[in-house]
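3D, please:
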Amino acid sequence: MSEQTKATPFPNVENVTAEVADFAVRTTYGDLPEGVIEAGRKSILDGIGLALAGSVARTGEMVRTHLRSLRLGDGGATVIGAALRTVPRFAAFANGVGIHADDFDDTQLAVAKNRVYGLLTHPTAPALPAALAIAESGHRSGADFMLAYHLGVEVETKISEAIAPRHYQDGFHSTGTCGTFAAATAASKLLGLDRGQTRRALSIAGSQSAGLRENFGTMTKPFHAGRAAESGVVAAEFAAMGWTAADGILEAPRGFFHAAGGGFDAEAILGRLGRPWTFLSPGVSIKPHPSGSLTHPGMTEMLRLIRTNAIRAEMVERVDVGTNHNMPNALIHHRPRNELQAKFSMEFCMAILLLDGKAGLPEFTDETVLREDVQAMIGRVDFHVHPQAEAAGYDKMTTIIDIRLKDGRTISGRADFGKGSPANPMDYEDVAGKFRGCCEAAKWPAAKAEAIIEAVRRLERLADVRELTALCAG
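Sure, this is the predicted structure:
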């Protein structure tokens, strides 16, 4: 057992869950810093675009088939990208699956060096669908929706930061686990729950939190995000009715932190909610490519090396890619055979950039992965642990690339961060460009796409969030 996976001493700390509930209840829209609002605006637009792209994925089709089979009739919440409205819990599920379907959604950044950078959780996939479903069905304002979304993201990310790293390293998918608390927080805020009810909602959410990383590279990975969003809505709705649950689900000896992580860092969450907001520091990364975030520093650097040195695929003898040991622990598909596996394959991501010079939604298809030239180039990529990357710490995604050319030259580069990270951020227009690409993939009308971009730009001024969701319905 490595030092990273050994059990962390469990702290005898009380009132963590109570502090989370108090934060959710007392925080108002006026408490949100402008920088948080603007960063969240980008992630909200990004999330809606990804839900549209995800609506045409095979998972989207299956989810809608399942929902129609339930014969629930019309409901108050929109399934993005479809002519389907249903009850909030199932709209949250469908949209959570959609946002995460292409593994193109935003990613929390870690703080401590023993953390797994970029792997802690995807904050928007569980938080946005829950907040949107409850806000829409309740005819709430854009500002109300934004506040609930931000509260959900903040709770999710701080819980992820606090739990012992063993949680992720031993196989839990934190988007499914910690994301359930995000959805419960957002739904509780919009339903107007008091402190006691919110604590119970968090407790009910804790008993529903689930997701295993063994399912990375399959349809079940986005299923985790969808169920997290749905479970949070269910938790808040039951708490509102008076359903009972334990008071200290996070910190209790048989609670979430202990059962799912073996320990937690109380200093990472107590007194830290909104101090600072995660959107401000250390930030949230928006993905430029529809693949695991750990591939992005290497992809950013590979593109730079290709363009700077005019490298063509036929010039390449082999490529060495070195990272810390946590990255191969997540990028587990070394010889991918389909698009979902390719999202967790450093070898594919390097290969497709060398061959096609780009890696967007059109490149992540089964047909592309199985191309003869792609499979051959994948075989030339050696992905391994590099001592320098290991020494850099796990708060970075340090990636060291050596491209060995057939003429004997070696072109080398190194990157700690990728495009879209706070170190190299996208602005709103960059995200709007990504959003348009998602809309093109979904064959979404351009006029509707532009209207959504403008609606999110002025989201806090919308009297009713249905002005936005009406544009997202098929």
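
Quick check: Ile411 is in a strand.
Yes - judged by DSSP: H, G, I helix; E, B strand; the rest coil, Ile411 forms part of a strand.

Where does the residue lying closest to it once chain neighbours are set aside fall, secondary structure wise?
Distances taken as Cβ to Cβ, 6 or more residues apart in numbering place Ile403 nearest to Ile411, at 4.4 Å, with adjacent residues excluded. Using the backbone N, CA and C atoms, a C-beta is placed for each residue, glycine as well. Using DSSP states H and E, Ile403 maps to strand 399-405.

And Gln375, by the same measure?
helix 372-378.

likewise Leu45?
Here Leu45 is assigned to helix 34-55, by DSSP H and E.

Tell me the secondary structure at Thr121.
coil.

wait, what's in contact with it?
Going by Cβ atoms under 8 Å, 6 or more residues apart in numbering, Thr121 touches 107-108, 156-157, 160, 174-175, 178-179.

ok, back up a step: correct me if wrong: the residue nearest to Ile411 contacts Val381.
No - between Ile403 and Val381 there is no contact under Cβ atoms under 8 Å: 10.0 Å.

Distance check, Ala91 against Leu353.
According to Cβ to Cβ, to the nearest Å, Ala91 and Leu353 sit 36 Å apart.

and these two? which has more neighbours close in?
Ala91 (31 against 23; other Cβ atoms under 10 Å).

hang on, the earlier thing: what pairs with the strand holding Ile403, and is each one parallel or antiparallel?
Sheet pairing of strand 399-405 (DSSP bridges) gives strand 316-323 (antiparallel), strand 410-415 (antiparallel).

follow-up on the earlier one: intersection of neighbour lists for Ile403 and Val381?
Counting by Cβ under 8 Å, 6+ apart, the common neighbours of Ile403 and Val381 are Val319.

of the two, who's got more company?
Ile403 (25 against 22).

So which bits of stretch 440-447 are buried?
For stretch 440-447, the neighbour count (16 or more other Cβ atoms under 10 Å) marks 440-442, 444 as buried.

about what we covered before: make a markdown table out of the contacts of Thr121 and add pLDDT and secondary structure.
Shown next, in a markdown table, are those (pLDDT from 0 to 100; DSSP: H, G, I helix; E, B strand; the rest coil):
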| residue | pLDDT | secondary structure |
| --- | --- | --- |
| Thr107 | 91 | strand |
| Gln108 | 89 | strand |
| Glu156 | 97 | helix |
| Thr157 | 96 | helix |
| Ser160 | 95 | helix |
| Ser174 | 95 | helix |
| Thr175 | 97 | helix |
| Cys178 | 97 | helix |
| Gly179 | 98 | helix |
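
Any chance of JSON lines for the residues you listed, columns distance to Ala57 and neighbour count?
Putting the contacts of Thr121 into JSON lines (distance: Cβ to Cβ, whole Å; neighbours: other Cβ atoms under 10 Å) gives the following:
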{"residue": "Thr107", "distance to Ala57": "19", "neighbour count": "28"}
{"residue": "Gln108", "distance to Ala57": "23", "neighbour count": "30"}
{"residue": "Glu156", "distance to Ala57": "24", "neighbour count": "34"}
{"residue": "Thr157", "distance to Ala57": "26", "neighbour count": "27"}
{"residue": "Ser160", "distance to Ala57": "26", "neighbour count": "28"}
{"residue": "Ser174", "distance to Ala57": "22", "neighbour count": "27"}
{"residue": "Thr175", "distance to Ala57": "17", "neighbour count": "30"}
{"residue": "Cys178", "distance to Ala57": "24", "neighbour count": "33"}
{"residue": "Gly179", "distance to Ala57": "19", "neighbour count": "38"}
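
Closest one of these to Gly283?
The nearest member of the contacts of Thr121 to Gly283, counting by Cβ to Cβ, is Gln108 at 8.8 Å.
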